[in-house]
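Visitor: Quick one, fold the following:
(one chain, ligands or ions: 1)
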Amino acid sequence: MDLSRIVWNHVSPASSSKSLPSIQSELQDNDILTPALRKKFFKMIHGRRFGALAKYYPCPVDESEIERMSREHRMLAFVYGGKNYAGPVEQVLRKSPHKQRRILDVGTGSGVWACEMADEFDHAEVIGVDAAPIQPEEMPRNCSFEIYDVTKGPQMLPYDDDYFDLIHIRSVHTGITNYASLMREARRVLRPGGLIILAEIDTTPMTANKEPISLDAAPGWCEFWAEYRRCLSSRGIDPTIPTRLRQSLQQAHGFSHIVAQEAALPIGFHPQPNVTLVTIGQLAWLNYDTLLHSLVPFLYERSGRTYEEIDELVSAAQSDLYNPIVPLYTCLHIVHATKSLT
Ligand SMILES: C[S@@+](CC[C@H](N)C(=O)[O-])C[C@H]1O[C@@H](n2cnc3c(N)ncnc32)[C@H](O)[C@@H]1O
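Guide: Residues are numbered from 1 along each chain as shown. A predicted model of the protein is given here:
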């Protein structure tokens with residue numbers, strides 16, 4: 001990242017105020033997010049800090065989770081071969097004397113993807129949107145962050161039609177109850193010929209061949225993720241979204257050149273044919289070791305199990321993570337498509 005950055009946070013007043021009326025009067029256009037104001041976007045649940053706006057998102061948004069998001073980002077950069085994207089990104093963002101290039105990152109989390117893209121494409125404006133103000137205070141001059149819940153409001157993405165050249169939505173489906181509407185909204189704010197990139201990690205335990213792991217081989221691991229999917233469904237989140245990204249774009253209509261890719265990601269330290277996969281396995285293992293704990297408050301609230309039972313669920317999943325009988329894998333789904341010209 002370059003050193004010439006300014007320190008500011010831009011809170012989108014229209015969208016923030018619609019989601020959190022109690023702070024409506026305190027937010028003005030281009031408001032600085034003071035520490036006191038920032039606090040109002042959070043609530044504590046079972047000792048973890050959660051976002052107050054995105055009611056459906058199951059993970060905390062505290063330091064441990066921010067670190068996990070950044071680690072997952074690093075892991076995915078290895079999957080993408082050192083890049084931050086798939087598809088003809090350079091082409092849709094090519095400099096034009098007549099047109100300001102714009103990038104939208106929905107569910108930007110730690111903001112690291114948005115910042116790195118702003119550095120790489122320094123002629124483009126990058127907006128990272130999240131329900132929680134957990135982004136860095138120092139960012140490239142061409143990057144800004146807006147805080148609102150994209151599931152709310154008459155417009156999920158409060159921008160003009162055809163506004164963006166690139167829209168990126170990664171690892172966000174667990175906070176979105178109406179993914180189909182989000183796809184239609186993304187189509188509206190993407191310019192004709194612009195690119196959308198979706199990426200989601202599966203919640204079903206897999207083998208290296210992307211087949212479901214048998215219950216006997218990893219009972220604790222399988223039971224944990226089965227319970228997680230049940231809890232997501234009971235909250236109105238579709239846990240099968242990662243496997244249906246292509247369909248989601250097809251059903252939104254108006255997207256063409258849809259390219260879907262899948263990658264089996266190793267979880268753990270088993271031997272791999274190359275060092276990149278070894279690194280991905282290590283980062284994925286660390287990612288899941290943190291994530292199991294992060295999901296405890298959500299599972300406790302949704303599953304009907306006692307705290308002791310959730311503890312046992314986590315211990316059994318850890319046991320398979322730490323001492324696997326079979327190598328554990330998950331599947332990353334990436335889809336990119338362009339908005340049709342007509
Ligand atoms: C797992 S993080 C992913 C971060 C980032 N996209 C990445 O890939 O590194 C998911 C982020 O989505 C945000 N999020 C979830 N539901 C949201 C919603 N309805 N509106 C806005 N942000 C949401 C969460 O606050 C969290 O920061």
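Visitor: and the closest residue to S234 other than its chain neighbours, how many neighbours?
Guide: Using Cβ to Cβ, 6 or more residues apart in numbering and skipping residues adjacent in sequence, the residue nearest S234 is R302, 5.8 Å away. Heads up, the C-betas are built off the backbone N, CA and C, glycines and all. By the measure other Cβ atoms under 10 Å, the count of residues near R302 is 18.
Visitor: Whatever helix or strand R302 lives in packs against which elements?
Guide: When elements are assigned from DSSP states H and E, R302 belongs to helix 296-303. Other helices and strands packing on helix 296-303, by 3 or more Cβ pairs under 8 Å, 6 or more residues apart in numbering; DSSP states H and E, are strand 48-51, helix 219-234, helix 307-322.
Visitor: and the nearest residue to A316 once chain neighbours are set aside, what is it in contact with?
Guide: Spatially, and ignoring its direct neighbours in sequence, A316 is nearest to G220 (2.8 Å; Cβ to Cβ, 6+ apart). Under the criterion of Cβ atoms under 8 Å, 6 or more residues apart in numbering, the neighbours of G220 are L313, S315, A316, A317, Q318, S319, D320.
Visitor: Point me to the residue of the stretch 1-150 of the chain nearest the ligand.
Guide: Of all residues in the stretch 1-150 of the chain, G109 sits closest to the ligand, at 2.5 Å by Cβ to the nearest ligand atom.
Visitor: where does that residue land on pLDDT?
Guide: Listed pLDDT for G109 reads 97.
Visitor: wait, is Q91 part of a strand?
Guide: No: read with DSSP: H, G, I helix; E, B strand; the rest coil, Q91 is helix and lies in no strand.
Visitor: and it, how many residues sit next to it?
Guide: By other Cβ under 10 Å, 11 other residues sit near Q91.
Visitor: ok, the residue minimising distance to the centre of the chain - contacts?
Guide: Geometric centre of the chain, nearest residue: S171, 2.8 Å, by Cα atoms, centre = their mean. By Cβ under 8 Å, 6+ apart, the contact list for S171 reads M69, E72, G107, G109, A199, E200, I201.
Visitor: could you measure it against the ligand, distance?
Guide: Using Cβ to the nearest ligand atom, to the nearest Å, one obtains 4 Å as the distance from S171 to the ligand.
Visitor: Need the pLDDT of that residue.
Guide: In this model, S171 carries a pLDDT of 98.
Visitor: Could you list the contact residues of the chain toward the ligand?
Guide: Listed as neighbours of the ligand in the chain under the rule Cβ under 6 Å from any ligand atom: 51, 54, 57, 61, 69, 72-73, 107-109, 113, 130-132, 149-151, 170-172, 175-176.
Visitor: okay, now whichever residue of the chain sits closest to the ligand: neighbour count?
Guide: Of all residues in the chain, the one sitting closest to the ligand is G175 (2.0 Å; Cβ to the nearest ligand atom). Neighbourhood size, G175 [other Cβ under 10 Å]: 23.
Visitor: for S303, same thing?
Guide: Here the number of neighbours of S303 (other Cβ under 10 Å) works out to 16.
Visitor: Which residues are in contact with it?
Guide: Residues near S303 by Cβ under 8 Å, 6+ apart: E227, R230, C231, E309, I310.
Visitor: Buried ones among the residues you listed?
Guide: E227, C231, I310 (16 or more other Cβ atoms under 10 Å).
Visitor: Spatially nearest residue to the first one, not counting backbone neighbours?
Guide: To tie it back to what came earlier, the one meant is E227. The nearest residue in space to E227 (Cβ to Cβ, 6+ apart) is S303, at 5.7 Å.
Visitor: so how far is Q155 from Y80?
Guide: Look at Y80 and Q155: by Cβ to Cβ, to the nearest Å, they are 31 Å apart.
Visitor: I meant to write I280 there.
Guide: Per Cβ to Cβ, I280 is found 37 Å from Q155.
Visitor: Any idea how many residues pack against the residue lying closest to Y163 once chain neighbours are set aside?
Guide: Leaving aside its chain neighbours, Y163 sits nearest to V189 (5.0 Å; criterion: Cβ to Cβ, 6+ apart). As a burial measure, V189 scores 21 neighbours (other Cβ under 10 Å).
Visitor: Hmm, D160 and V189 touching each other?
Guide: Yes: under the criterion of Cβ atoms under 8 Å, V189 makes contact with D160 at 7.2 Å.
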